[in-house]
Structures are given as C-alpha cells and as structure tokens.
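Colleague: fold the following and give me the result.
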Amino acid sequence: MTDSQMTSVPESLPETMHADQAVDAALRAELARGDMALSTLTPVLTHFLNTQDRSLFSDSIIARVRGMLRSASYRLLRVEADEIGATDVFAYAEARADALGEELARHAAFLGHCHALAIEWQLAERLRGRNGIDPILSPLLQSLIVSEDAELADAAMGTLAAQARFIEQQKRMEMPLAELPEDQFANFISVWRRQRDDLSEDLATTVETRIRQMRAENEARLSLLDRTVARLDKRADVALSLTHAGAAVFLTALAHGAGQERDIVVVSTNDRQLVRFGLSLRAAGLNPAETRAQLRCLHPDATMPAMIEKVATSDARALLESSPFGHAE
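Modeller: Residues are numbered from 1 along each chain as shown. Got it, this is the predicted structure:
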C-alpha cells in the first residue's frame, strides 16, 4: 500500500462498465465511498495513536499498532547498539525506541501494514470465539500438511509454524523484522536512516546488512502463505471459505483471486467495507450464494447488497481495478 494510495480516490472508471446501468452506477458510488473511507484511515489512525480519544478505533487496535511500531524500532536499535559497541544494548534501544516508533508512525504504508496485521489477529480471534475456528490449524491447513504434493505439504507445514508464531507475537504486540514484507522493510530502513543521520554510512550499511542476513534465515509468514495458496493453483477456491481455510489462508487466497493487495483485503473485512469485500469475493470467482455465505460468516447481521449478486466476475474485477486501492503492485 503506497502513500499515494492512502490519499487518493478513483478518477476514472473501467471501459468495460456501462454508465447507463443502475447497478453499475450504484456499485461505483458505494466503492467510491469506501475508497474515501480508506483514504482517511491513516491520518485518522495517526491522530488516535497520539491522543486518548478511542471513538473510532478500539483500544486493542491502537495498543497493538503502537506496540508493533515500538517493537520493530527496538529490535533494529538493538542491532545498532551492538554494532557501535554500546555498554548496555538493551538500555540503548529502550531509550530511543519511542522516538523511532513515532517517526515510523508518520509513514502511511508502514502504519497501514501494522493496522492490517492487528485487524487480521482480531478477526482470527473473533472467528475462534464465534465459530470455533482455530486461528493456527484450520481444517484446510490440516489436510494440506498431509498432502501427497511434497512442495504443498512443505509450504503448509511452514505456514502452520509461522501462523503459530504470528498469534503469539500479536498477543505480545511484537513485530519481528524478519516478518516484514520487503517493501515495508525498505520503508523502515529509510525512516531509520533519515532519523539517525548522525550515523556514518558504513555503520548504517553494516546494520542493514546484518538485519538482512537475519531476515534471510527464515521464510516470512506472508511469503509462506503466498507459496501455499500459489501451490494450490486451480484448486485455490477451496481456500475461499473462512470456516474451512481460517483467516490467514483465506485472506491470502482472496487477495490472489481478486488481484488485490492483501492489506487492503484485510481492511475490507470491516463492516463499513461490505461492498468492497463482496466485490472481492465475486472477482475471485465466488457465486452470489457463496459470496453471501462468506459475508454472513464475517457479519452475521449484515445483508449483502443486492447489486453484488448482479455483477459479473469480470465486472467486479474491473470495478476494483478502477480503485486506487483495488489492485496489487
């Protein structure tokens, strides 16, 4: 999710859509309203990170995002402290972590990623409490682990271990640097270098190189999820069920199927983004009944907008692609 995506709304519509059709016009209007809400998400979240007002974001989400920002900062600063030979690396990192975390919170894309992870954890916990879905070992993942496809089984086993770590890390509000996607890691390094401009270029490069080596030691959870879903190939539709696949695999499969960034798919599970979520399900190939079932799994009291049933898969994808938030980079 880029900074420009967080502050823009659609300027044009896909040529495949027909402006004279009431359904298409209604969907475009609803999607534009959803885009406007997404475009204000980061500045509003930034505001609530710095105030005590919790009217729009829950204490849990705010605390979790703040914790992840500080955790990532603390981990990097410990490496910095070690490289400069600080007497007490823990005290060194502790004294500087808040300032770096605050600077990092000004970076829309990084903040948006942390927010999406917090929402994903919250969703997994809600599904466990309401539907009895294990946030770590879903029925689908359990079946994939014993698959005769060795590569698929390996990816699924790695995903299981990574998902277990993710749940524990979220409980502790942590953000391991090894789990950051490459673009967000690059964002983080850029923010750190700007803030710590007193460090020599050689030292900064040494710190970054050391962290990159640490990152290379284990495959990140999001990479494992991508590999698992990609290996399903034409069978990926089995992952488009929250109760069968669990939140993590489902969100990855939906992002793949609808051609969207995963963080945006996660945010679309919010009850204020029903049209975007419904369009994503249709773009991924689910029929109206299947789409309705997934919406009800997330929001039992919600009613699927009737216009979602009438939109074709290709038109749903075209609508999403017309949005600045509707496609993967």
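
Colleague: from here on, contacts and neighbour counts on C-alpha atoms
Modeller: Will do.

Colleague: could you check how far Cys153 is from Leu240?
Modeller: To be clear, residue 153 is Ala; Cys isn't right here. 19 Å (C-alpha to C-alpha, to the nearest Å).

Colleague: could you check which of those two has the larger neighbour count?
Modeller: Leu240 (25 against 20; other C-alpha atoms under 10 Å).

Colleague: which residue packs closest to that one, ignoring adjacent ones?
Modeller: Using C-alpha to C-alpha, 6 or more residues apart in numbering and skipping residues adjacent in sequence, the residue nearest Leu240 is Phe250, 5.4 Å away.

Colleague: ok, now Thr228?
Modeller: In this structure, Thr228 finds its nearest non-sequential neighbour in Ala155, 5.3 Å apart by C-alpha to C-alpha, 6+ apart.

Colleague: need the contact list for the one you found.
Modeller: Listed by C-alpha atoms under 8 Å, 6 or more residues apart in numbering, the contact partners of Ala155 are 224-225, 227-228.

Colleague: for it, grab phi and psi.
Modeller: phi -60, psi -40 (degrees, to the nearest 10).

Colleague: how far away is it from Glu120?
Modeller: Ala155 is 20 Å from Glu120, where distance means C-alpha to C-alpha.

Colleague: how about Leu279?
Modeller: 19 Å.

Colleague: check Leu295 too.
Modeller: 16 Å.

Colleague: show me where pLDDT drops low in the stretch 101-250 of the chain?
Modeller: Filtered on pLDDT under 70, the stretch 101-250 of the chain yields no residues whatsoever.

Colleague: so where do the strands sit in it?
Modeller: Shown for the stretch 101-250 of the chain, no strands are assigned by DSSP state E, counting those that start in this stretch.

Colleague: let me know the outermost residue of the protein.
Modeller: Largest separation from the mean C-alpha position in the chain: Thr87, at 37.5 Å (C-alpha atoms, centre = their mean).

Colleague: in what helix or strand does that one lie?
Modeller: Counting by DSSP states H and E, no helix or strand carries Thr87.

Colleague: any idea of the pLDDT on it?
Modeller: pLDDT for Thr87: 95.

Colleague: related to what we said a few turns ago, how near is the residue nearest to Leu240 to Met175?
Modeller: On the measure of C-alpha to C-alpha, Phe250 and Met175 end up 22 Å apart.

Colleague: re earlier: most neighbours among the contacts of Ala155, which one?
Modeller: Highest neighbour count within the contacts of Ala155: Thr228, with 26 neighbours (other C-alpha under 10 Å).

Colleague: quick check: it vs Glu151, distance?
Modeller: Thr228 sits 9 Å away from Glu151, going by C-alpha to C-alpha.

Colleague: then Trp121?
Modeller: Between Trp121 and Glu151 the computed distance is 27 Å (C-alpha to C-alpha).

Colleague: you'd agree Ala253 is up against Ala239?
Modeller: Yes: when contacts are counted by C-alpha atoms under 8 Å, Ala253 is listed as touching Ala239 (6.0 Å).

Colleague: which residues are common contacts for the two?
Modeller: Common contacts of Ala253 and Ala239 (C-alpha under 8 Å, 6+ apart): Val229.

Colleague: comparing those two, which residue is more hemmed in?
Modeller: When neighbours are counted by other C-alpha under 10 Å, Ala253 and Ala239 differ, and Ala253 comes out ahead with 28 against 23.

Colleague: is it true that Leu242 touches Cys297?
Modeller: Yes: using C-alpha under 8 Å, Leu242 is in contact with Cys297, at 7.4 Å.

Colleague: among the two, which residue is more densely surrounded?
Modeller: Between Leu242 and Cys297, counting by other C-alpha under 10 Å, Leu242 is the more crowded of the two (24 against 17).

Colleague: for Ile167, what are its contacts?
Modeller: Applying C-alpha under 8 Å, 6+ apart, the residues near Ile167 are 121, 135-136.

Colleague: again, but for Glu103
Modeller: Residues near Glu103 by C-alpha under 8 Å, 6+ apart: 191, 195.

Colleague: what about it, distance to Asp198?
Modeller: 16 Å.

Colleague: now do Asp233
Modeller: Counting by C-alpha to C-alpha, the gap from Asp233 to Asp198 is 49 Å.

Colleague: kindly report the same for Ala108.
Modeller: From Ala108 across to Asp198, the span is 24 Å (C-alpha to C-alpha).

Colleague: compare these two and say which one has the larger neighbour count.
Modeller: Ala108 (22 against 9).

Colleague: what's around Asp233, how many residues?
Modeller: Based on other C-alpha under 10 Å, the number of other residues close to Asp233 is 9.

Colleague: next, the residue farthest from the centre of the chain: phi, psi?
Modeller: The phi/psi pair for Thr87 (degrees, to the nearest 10) reads phi -60, psi -40.

Colleague: try Glu261
Modeller: Note on Glu261: its backbone torsions stand at phi -70, psi 140 [degrees, to the nearest 10].

Colleague: good, wrapping up.
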